[in-house]
Structures are given as C-alpha cells and as structure tokens.
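*Asks:* Take this sequence and fold it.
(chains A and B)
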Amino acid sequence: MWRMKITRRSLAITALAPAAAALSQATSQAQAPAAGEDLNALAHSLLRANSEILTKAAIPIATEPAFQFKA
Amino acid sequence: MKAAISDDLFFATLGELNAKLRAREISAVELTRAFAQRLETLGPRYNALALPLTKQAVRAAQAVDKEFKRERFRGPLQGIPFGAKDLLAYRGHPTTWGAKPYAEQVFDYDATALVKLEKAGALLIGKLSMVELAGGGGYRFPAASLFGPGLNPWDRTRWSGGSSSGSGSAVAAGLVPFALGSETNGSILSPSASCGVTGLRPTYGLVSRHGAMALAWSLDKIGPMCRSAEDCAFVLQAMSGADSKDPASAGKSFYYTPQFYKPVKQLRIGYSPSDFSEWAQPAARPAFEKALAVIRETGAKLVETQLPDFPYSTLTGTIINAEMASIFEPLIASGKVDELADKKQIAGLKASLELPAKDYLKAMRLRTLVQHAMRKLFIDIDVLLAPSRPGPATKLDEALDRNPPPALKGLNNLTSAGNLAGLPALSLPCGFADQLPVALQVVGRPFSENMLIMVGKEFQSRTDWHRQRPPAA
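*Replies:* Next up is the predicted model:
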C-alpha cells in the first residue's frame, strides 16, 4: 500500500497556508500607490522640504560637522 | 539528566537556561535542537525566519557539551541558541539584507558581533527576517521585505515593527532565547516595543559594525533583543569591544557591573507628562500611567524636562538619505533597485542621489549642536524616560507614513535625538493596549548602559510585563 510521509512541518505549512495567502493578498493590495500618486515627485518634495528646514536653521559659523576622521 | 522540553523553557531567561545547562539538566545539543525545530516550524508563521542554520549549530553545541562535561564554563551565553538579523554576514551562507536584489549574496567572512558571540559559546540557529535594506529610502508598508511583512506574535494582523522584524517576532514567540537586531533610527526600539521584548540600543561605536550592512555609517548600531534587561547585559558584554575592522569602533568594552553605580532610588529621571497624556495614543495611556507610577515607587526623582528644540526628523532623514545614497548608488544606477518590494522606498532611494552636499553638511553641523545640547541636558538628569512608541503595533495594511508627526514639546522625538547623539537606549515592555504590548524607553549618556540596565532590572523586578507570552505561542 502506498503511504505518504507526513511531517510536522508539512502539516504546519498546510494548516497555515490559507491564512498566509490571505495576509499576503492583503499586503500586496496595500502596497499599490494611491491612484494618480507620483511617488517620485513625493520623494523629491520631501527632500526639498528638508532642505528648506535646514536652510532656515541658524548655526554658529564655527560649528563643524559631527563626524571624525582618524588618521 | 534528560529533561522533557517544556514550553516554559522556550520563554526562560538566559540565566535560567544557563543554570540548567551547567547543572546538566539539559544538554546544549538538546536545547539547540529544541529551539531550532521550533524556529523552523513556527518561524514561517510570523515571516520571521530568513535562513535556518540548525546543522552548524548542533555541531557547535556538541563541542559546547564537551566543555560542560569538563566543567569548562565560559559565561552566561555558553550553549545558548540565538538568531541574528539577516544583515549580519555569516560566512558561506546567503545574507540577503531582506532585499530581492541581494537574495543570492554570500560573504566569505563573519560579522564581528557573530564571532564574539560564538567565542562566548552562543549558538547561531538562524538568520532572521528584516525590512529590505533596513528601511533605507523610507517604506510605506510593512510588506517591504523579501520575506513578507513581519507578523506580530501577539496578533498576526499587526506588524512586528521594523526593521529588525524577525528578531522581534522570534524572541516574542519563544523561537530563540535572544536575537541580534540593528538600529539606525529606531529599528531595535520599535520592534522590541511592538513585540513586547526587551531591546537594547548600545552607544554608537560600542559594538563593532564590521560585517553588518551599512545604511548610514554615522548612525548604525548592532544590539540585543531579549527577554529581560539583564539578558541584554549578558549579550552586550559578550559582543562589545574594540575592533580594528570597524573605523567607528569606540575602543571600549562593556562589563556588566551594576554594583559600581548609584542605586535607582538616587537617580534623577527626566520625563515629560505630555508624552504620556497627549502624545501617547488614548488606548495606551492607562498602561503608560501605571508604568510611570511603578517608576515613581522605586524612589527615583522624576524631573519634568523636554528635548532641546531641533528639527530631529529632518536631521536623521537627511543624514540617512545622504549616506545611504552613497552606499546604494550602484544598486540604484543598475536599475535593480526596482526589484525592491516597496514602491515608495524605491522612489526614496532614487531621489536620495540628488540630495545636495550642503544639506548633508548642514545636518551634520546641526548634529554637533544636538550632541552639545544633549550633553547639557544630562548634567542634571541621569536618564530620560518616554514611551518607545506612542501606541501598540500598527495594522499590516496601515500606511506607515500616513500620520504626520505631532508638533509637541516633550521627549517624543527621543528616538531620533538619541540616535543622532549616539546615546544608548533600553526598551522595556510596560503593559498592554488593545491586547498588544506597549513599552517605555530609557535613554542615558554615552556608555551608560549599566545605568539603563539597572533601571530596567528594577522595573522588571516590580512588574511582569516582560514575562508575558503571546497567546498562540
């Protein structure tokens, strides 16, 4: 008689597959950008907004950047 | 000598596990097999497992058992299995950085943190999933990962947090006794808080980053995610220290020596009431208020304070963008960046190439001022206390960039401020909101990890939030 070997792992995978598929579908749907949304434009506008905030920040002329080079 | 593997073992602290190993109630091989099997079986349930490493771990465990037999004790990590975020190089095996373009990447060396843990006798049983490229570029959805969204063991419709998603889920679900995560701007604290585990972000430079994916050289840190504050101390002690392979190494080691520090009741703890009453989400406020009451009971003096006024998120955003653009320029230029899962992240990475040098330099100069201001703040205060996150884990389909940050005074920008200044932080589970964990963060001066762990240990001796287990685990 033909006998199939069932492991605990294969059982777990079978049991969890429908839930995983549903979650995967939900998340892939969620990933789509909203209609008409230009993500590249959004990314550039974020850079510009940060740049404007930095331009406005007052800073003493003697302040050096916070990184070190050790020779 | 043989003990049945009970569920309690999967949620035991490192001290408890080590005591059983030393008493030879269980062998390192038995413990390793038990955790490895659990990680392989339940890891996929939470999208937490990137790569099982059972065979190698069992071989190493056999050697550890020989040491136990000869009563050669190396310390609290000897014979303890663990997992590591898949951004740490492990010789001869794929290190994917959670991203499809790097799915086949194999290094011929090991990350220093892994080498040090191996020397302490710890046994790597698996690589754990993460947000692709540790989130560089700015992702919109939890599904931004080669492994799918990190699912929270407390509720699989919620995110486990990022970018150390698998590390958070695996510790919370009892799949590993501890895990390594990494943080550039919140990637240890956020998943630790969302999953209800104790996470430690070390001082910048205390743990070598050699062999870890670089997202932003001047901000990246490697740290432990564990079941308790004391467990974090044991792991940090084993993995800290000078490393000539890491140009940012501080050349210092961490020794867990709480006896040399003033007791918690003598500490001055800075906090802002508005963080707990306004910034925190309404559902989480009762838990935070109770946690604050526990801190008061320790006898520590709570002092109202707030962060110095800086555009913290602009600074971290600009610095990460600039350093990341340089690091991932080949990926972006090759077009392979389009293979990433999150569209917003792809756009963010591409745009980062156009960030002006003057903005990066300005941000780094302002960072100098942030460091000075934080140093000043810590003259009168020993540690700062604030919620790790304003509320519990977010829903899987919730856009992470949906809510603009609230314009509040207080310490609600503490995660960015702490990362900019290279300060250590400890995230402590402190209760529940909507049946999901919430957490406090304690932040201290550079290299004050002992003090943070003392506060954490005192808090955890008075509460049992860190001992709670997810229902399905």
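*Asks:* what does the stretch 251-400 of chain B put close to chain A?
*Replies:* B:311, B:314, B:317-318, B:321, B:341-344, B:346-348, B:350-352, B:354-356, B:359, B:361-371, B:396-397, B:399 (CB under 8 Å from any CB of the partner chain). C-beta coordinates here come from the backbone N, C-alpha and C atoms, glycine included.
*Asks:* Recalculate using a threshold of 7 Å.
*Replies:* B:311, B:314, B:317-318, B:342-344, B:347-348, B:350-351, B:354-356, B:359, B:361-369, B:371, B:396-397 (CB under 7 Å from any CB of the partner chain).
*Asks:* Take those and keep only those in strands.
*Replies:* Judged by DSSP state E, these include no members of strands.
*Asks:* Turn the buried ones among these into a named PyMOL selection, would you?
*Replies:* The PyMOL command for the buried members of those (criterion: 16 or more other CB atoms under 10 Å in any protein chain shown) is given here:
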select buried, chain B and resi 311+314+317+318+342+343+344+347+348+350+351+355+359+361+362+363+364+365+366+367+368+369+371+396+397
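*Asks:* Identify the residues contacting residue B:457.
*Replies:* B:229, B:230 (CB atoms under 7 Å, 6 or more residues apart in numbering or on different chains).
*Asks:* part of a helix, is it?
*Replies:* Yes - with DSSP: H, G, I helix; E, B strand; the rest coil as the criterion, residue B:457 is located in a helix.
*Asks:* And it, what's its pLDDT?
*Replies:* On the pLDDT scale, residue B:457 is placed at 97.
*Asks:* Residue 45: neighbouring residues, count only.
*Replies:* No chain in the question, so chain A it is. 12 (other CB atoms under 10 Å in any protein chain shown).
*Asks:* my question was about chain B
*Replies:* With other CB under 10 Å as criterion, residue B:45 counts 22.
*Asks:* What pLDDT is listed against it?
*Replies:* 97.
*Asks:* ok, now residue A:68?
*Replies:* Residue A:68 is given a pLDDT of 73.
*Asks:* Correct me if wrong, but residue B:302 is in a helix.
*Replies:* No - counting by three-state DSSP, residue B:302 falls outside a helix, being strand.
*Asks:* Any idea what the nearest residue to it once chain neighbours are set aside is bridged to?
*Replies:* Nearest non-adjacent residue to residue B:302, counting by CB to CB, 6 or more residues apart in numbering or on different chains: residue B:269, 5.3 Å away. Residue B:269 has these beta-bridge partners by DSSP bridges: residue B:302, residue B:383.
*Asks:* Give me the local confidence score for residue B:269.
*Replies:* 98.
*Asks:* And residue A:19, by the same measure?
*Replies:* 44.
*Asks:* list the contacts for the residue nearest to residue B:302?
*Replies:* Residue B:269 touches B:295, B:300, B:301, B:302, B:303, B:382, B:383, B:385, counting by CB under 7 Å, 6+ apart.
*Asks:* Try it again at 10 Å.
*Replies:* Contacts for residue B:269 (CB atoms under 10 Å, 6 or more residues apart in numbering or on different chains) come out as B:292, B:295-296, B:298, B:300-303, B:305, B:381-385, B:442, B:455.
*Asks:* My read is that residue B:255 contacts residue B:237, right?
*Replies:* Yes - Residue B:255 is within contact range of residue B:237, at 6.2 Å (criterion: CB atoms under 10 Å).
*Asks:* More neighbours: those two, which one.
*Replies:* Neighbour totals were compared for residue B:255 and residue B:237, and residue B:237 leads with 21 against 12 (other CB under 10 Å).
*Asks:* Which strand or helix spans residue B:15?
*Replies:* Following DSSP states H and E, one finds residue B:15 within helix B:14-22.
*Asks:* Only C-alpha atoms, please: export that helix in CSV.
*Replies:* Output of helix B:14-22 as CSV, limited to C-alpha atoms (Å, rounded to 0.1, in the frame of the first residue of the first chain):
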residue,chain,number,x,y,z
LEU,B,14,19.5,33.4,29.7
GLY,B,15,20.4,33.0,33.4
GLU,B,16,17.7,30.3,33.8
LEU,B,17,18.8,28.4,30.7
ASN,B,18,22.5,28.6,31.6
ALA,B,19,21.8,27.3,35.1
LYS,B,20,20.1,24.2,33.5
LEU,B,21,23.0,23.7,31.1
ARG,B,22,25.6,24.0,33.9
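*Asks:* Can you work out which other helices and strands pack against that helix?
*Replies:* If contacts are counted by 3 or more CB pairs under 10 Å, 6 or more residues apart in numbering or on different chains; DSSP states H and E, helix B:14-22 sits against helix B:7-10, helix B:28-42, helix B:54-69, helix B:229-239.
*Asks:* following the lowest-mean-pLDDT helix or strand in chain A, which helix or strand comes up?
*Replies:* Every helix and strand in chain A was compared by mean pLDDT, DSSP states H and E; the lowest is helix A:8-31, with a mean of 45. For helix A:8-31, the succeeding helix or strand toward the C-terminus, using DSSP H and E, is helix A:39-56.
*Asks:* which residues touch that following helix?
*Replies:* A:33, A:38, B:137-138, B:140, B:311, B:313-315, B:317-318, B:321, B:342-352, B:354-356, B:358-363, B:365-366, B:401.
*Asks:* So which bits of it are buried?
*Replies:* A:39, A:42, A:43, A:44, A:46, A:47, A:50, A:51, A:53, A:54.
*Asks:* Stretch B:142-162 too?
*Replies:* Applying 16+ other CB under 10 Å to stretch B:142-162 flags B:142-156, B:158-162 as buried.
*Asks:* Can you give me the neighbour number for the closest residue to residue B:253 other than its chain neighbours?
*Replies:* Among residues not flanking residue B:253 along the chain, residue B:241 sits closest, at 4.3 Å (CB to CB, 6+ apart). When neighbours are counted by other CB under 10 Å, residue B:241 registers 17.
*Asks:* residues in contact with residue B:241?
*Replies:* Neighbours of residue B:241 in contact, by CB under 10 Å, 6+ apart: B:112, B:116, B:206, B:207, B:208, B:249, B:250, B:251, B:252, B:253, B:254.
*Asks:* mind putting these in CSV, pLDDT included?
*Replies:* Output for those, formatted as CSV (pLDDT from 0 to 100):
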residue, pLDDT
B:112, 98
B:116, 98
B:206, 98
B:207, 98
B:208, 98
B:249, 96
B:250, 96
B:251, 96
B:252, 97
B:253, 98
B:254, 98
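*Asks:* In a markdown table: those, plus neighbour count.
*Replies:* Below are the contacts of residue B:241 laid out as a markdown table (neighbours: other CB atoms under 10 Å in any protein chain shown):
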| residue | neighbour count |
| --- | --- |
| B:112 | 24 |
| B:116 | 21 |
| B:206 | 26 |
| B:207 | 31 |
| B:208 | 24 |
| B:249 | 19 |
| B:250 | 20 |
| B:251 | 11 |
| B:252 | 14 |
| B:253 | 12 |
| B:254 | 22 |
